[in-house]
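Novice: Have a look at this prediction, sequence included:
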Amino acid sequence: DTEVTQTPKHLVMGMTNKKSLKCEQHMGHRAMYWYKQKAKKPPELMFVYSYEKLSINESVPSRFSPECPNSSLLNLHLHALQPEDSALYLCASSQGGVRDGRFYGYTFGSGTRLTVV
Amino acid sequence: KQEVTQIPAALSVPEGENLVLNCSFTDSAIYNLQWFRQDPGKGLTSLLLIQSSQREQTSGRLNASLDKSSGRSTLYIAASQPGDSATYLCAVTSGYGGSQGNLIFGKGTKLSVKP
């Protein structure tokens, strides 16, 4: 399995709702990432988990709450979002270090298109 | 601070042409460089990864080169096809890979290949 799977593919939520995005990989990667991408812009890093521990939070508002229950699963819990949070949310993973002297790059999921109304 | 620039921002070519997409970065201390493809509203598909010790990588009709000293990479697409139409993103990892490294993206080149 060489994929990162994200669910749901599309999500519409109200500003008072609570929802979660899910990301799963079975490549044995030990680093997982959340990125946010607005239209016609490159992805921007939100969070990094390394060996199930949060290692980077790029000053993301607390209405976004990440969780890494195990090495294969990454969640992003959403609460009280604003319309400007509407975007494509991408999950990625990487091996979390160097293997055989090489780094094998990042694998991205297909994203969740989030619309906040 | 590492900055990645991609030129041109958009490119339209007739089918069958060979083309080159350019990427430059300001800090040559990169760990690797990765080219991605993104279709509208979709996720990123990795095309080629070049380790900092490598000069180029090839996959099918794609060839990517890396010149760390000048801070440049090119993605060469041979015999372009309409199915190649997409946005192409260049990203570098500065420092150690994995969780210690963060992908720094360029703004992308939007490619349109006309039948």
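Specialist: That came through fine.
Novice: What separation do you get for A:Glu44 and chain B?
Specialist: Computed with Cβ to the nearest Cβ, to the nearest Å, the distance linking A:Glu44 and chain B is 8 Å. (C-beta placed from N, C-alpha, C; glycine too.)
Novice: So what pairs up with that residue in the strands?
Specialist: A:Lys36 (DSSP bridges).
Novice: pLDDT wise, what is it at?
Specialist: For A:Glu44, the model assigns a pLDDT of 93.
Novice: Chain B contacts on chain A?
Specialist: Chain A comes close to chain B at residues A:6, A:30-31, A:41-43, A:45, A:48-51, A:55-56, A:88, A:90, A:92, A:94-98, A:102-111, A:113, as judged by Cβ under 8 Å from any Cβ of the partner chain.
Novice: of these, buried ones?
Specialist: Neighbour counting over those (16 or more other Cβ atoms under 10 Å in any protein chain shown) leaves A:6, A:30-31, A:42-43, A:45, A:48-50, A:56, A:88, A:90, A:92, A:94-96, A:103-111, A:113 as the buried ones.
Novice: hmm, back to that, might you specify the subset of the residues of chain A next to chain B located within strands?
Specialist: Among the residues of chain A next to chain B, DSSP state E puts A:6, A:31, A:45, A:48-50, A:55-56, A:88, A:90, A:92, A:94, A:107-108, A:113 in strands.
Novice: of the residues you listed, the lowest pLDDT goes to which?
Specialist: In terms of pLDDT, the lowest of those is A:Ile56, showing 84.
Novice: residue contacts, the nearest residue to that residue once chain neighbours are set aside?
Specialist: Nearest residue to A:Ile56, sequence neighbours excluded (Cβ to Cβ, 6 or more residues apart in numbering or on different chains): A:Val48, at 3.8 Å. Contacts for A:Val48 (Cβ atoms under 8 Å, 6 or more residues apart in numbering or on different chains) come out as A:Ala31, A:Met32, A:Tyr33, A:Leu54, A:Ser55, A:Ile56, B:Ser99, B:Asn102.
Novice: List just the nearest of those residues to B:Gly60.
Specialist: Closest approach between the contacts of A:Val48 and B:Gly60, by Cβ to Cβ: A:Tyr33, at 27.4 Å.
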